[in-house]
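In: Build me a structure from this.
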Amino acid sequence: MIGYVCVGTNDLAESAKFYDQLLAELGAKRDWEMERFVAWSAGESSPKFLLIKPADGQPATVGNGSMVSFRATSKEQVDAVYNKAISLGGKDEGAAGARGEGFYAGYFRDLEGNKFCAFFMG
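Out: Here you go, the predicted structure:
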């Protein structure tokens with residue numbers, strides 16, 4: 001259902017380095033790049049994640065109440081993604097762990113302050 005998700009950045013080069021390493025933990029790699037954005041995916045049929053400079057030329061800002069969630073294949077992969085984000089300078093928003101029956105997740109913010117979740121259900 002989702003084709004792609006975009007988050008804004010004020011430093012495309014620096015933020016792209018963060019996501020190169022972070023999204024590799026989920027098996028994704030860069031597959032599309034232009035002057036204003038970089039896109040990653042885990043394959044042709046998977047949704048894309050885009051990091052983009054705002055089209056209006058104004059500074060990128062964090063959406064209040066907005067969050068993007070990355071589906072992991074295991075609790076260990078959730079741990080790896082969360083730990084990678086923190087090691088790359090991301091901010092903790094809730095360490096990886098159980099969040100109710102059958103839901104395991106870790107929450108963090110990227111270098112721009114955008115909120116993310118890595119989760120596994122099962």
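In: Give the residue farthest from the middle of this structure.
Out: Glu101 (24.0 Å; CA atoms, centre = their mean).
In: any idea how far Gly8 is from Gln58?
Out: To Gln58, Gly8 is 9 Å away according to CB to CB, to the nearest Å. Glycine gets a C-beta too; all of them are placed from N, C-alpha and C.
In: out of those two, which sits in the more crowded spot?
Out: Gly8 (21 against 9; other CB atoms under 10 Å).
In: In the chain, where is pLDDT below threshold?
Out: Nowhere does the chain drop to pLDDT under 70.
In: In contact with Lys75: list those residues for me.
Out: The contact partners of Lys75, by CB atoms under 8 Å, 6 or more residues apart in numbering, come to 96, 104, 120.
In: number of nearby residues for Lys53?
Out: By the measure other CB under 10 Å, the count of residues near Lys53 is 18.
In: ditto for Ile2
Out: Ile2: 8 surrounding residues under other CB under 10 Å.
In: Hmm, it is touching Pro47, no?
Out: Yes: using CB atoms under 8 Å, Ile2 is in contact with Pro47, at 4.6 Å.
In: where along this protein do the helices fall?
Out: Counting by DSSP state H, the chain has helices at residues 12-24, 75-87.
In: distance between the first one and the chain's centre?
Out: Centroid separation for helix 12-24 versus its chain: 9 Å, with CA atoms, centre = their mean, to the nearest Å.
In: which residues are contacting stretch 13-28?
Out: Residues outside stretch 13-28 that contact it (CB under 8 Å, 6+ apart) are 9, 29-30, 38, 40-42, 46, 49, 51, 70, 72, 77, 80-81, 84-85, 88-90, 110-112, 118.
In: Of those residues, just the buried ones, PyMOL syntax please.
Out: Buried residues within these, by 16 or more other CB atoms under 10 Å, are selected in PyMOL with:
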select buried, resi 9+38+40+41+42+46+49+51+70+72+77+80+81+84+85+88+90+110+111+112+118
